[in-house]
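*Asks:* dropping the sequence and predicted coords here.
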Amino acid sequence: MNRSENPKNLPAYRVFTIEEKTHGESEDAESHWHAIGVGWDHKDTKGISVKLNALPLTNKITLRRIEDEKETVDVAPTLSQDQS
């Protein structure tokens, strides 16, 4: 999503940390996705600015593009970006 498609500068990405849980001796792992922030495309589209509400407990984060307009509205009131 570029700036012309996003005139209100709403977040374009939701940031997640993924927690892998195993069940006892079973090798079956269960993934729990925790939303910890949002991201915006840079004006030049060559990078992404990220704002985190929490720090991941692992060394891995995942950014997923926000596709649903309702999801964008849900995160907008609590997270604004001051920089362009």
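*Replies:* In hand now; what should we look at?
*Asks:* only C-alpha atoms from now on, for both contacts and neighbour counts.
*Replies:* OK.
*Asks:* just the helices in this protein please.
*Replies:* For the chain, the helices defined by DSSP state H occupy 69-75.
*Asks:* now the strands for it?
*Replies:* Here the chain has its strands, by DSSP state E, at 13-22, 29-41, 48-52, 62-65.
*Asks:* what pairs with the last one, parallel or antiparallel?
*Replies:* Meaning strand 62-65. strand 13-22 (antiparallel) (DSSP bridges).
*Asks:* now Asp41: how far from Thr17?
*Replies:* Applying C-alpha to C-alpha, to the nearest Å, the value for Asp41 to Thr17 is 19 Å.
*Asks:* can you check His34 too?
*Replies:* Distance from His34 to Thr17, by C-alpha to C-alpha: 5 Å.
*Asks:* and those two? Which one has more around it.
*Replies:* Thr17 (21 against 15; other C-alpha atoms under 10 Å).
*Asks:* quick one: contacts for the more buried one?
*Replies:* 33-36, 56-58, 60-62 (C-alpha atoms under 8 Å, 6 or more residues apart in numbering).
*Asks:* about what we covered before: could I get the strands of the chain as JSON lines with mean pLDDT?
*Replies:* Formatted as JSON lines, the strands of the chain follow (pLDDT from 0 to 100):
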{"stretch": "strand 13-22", "mean pLDDT": "89"}
{"stretch": "strand 29-41", "mean pLDDT": "91"}
{"stretch": "strand 48-52", "mean pLDDT": "96"}
{"stretch": "strand 62-65", "mean pLDDT": "95"}
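*Asks:* who's Asp41 bridged to?
*Replies:* Ile48.
*Asks:* how many neighbours does Asp68 have?
*Replies:* 8.
*Asks:* what is the end-to-end distance of stretch 17-30?
*Replies:* When the end residues of stretch 17-30 are compared by C-alpha to C-alpha, they are separated by 14 Å.
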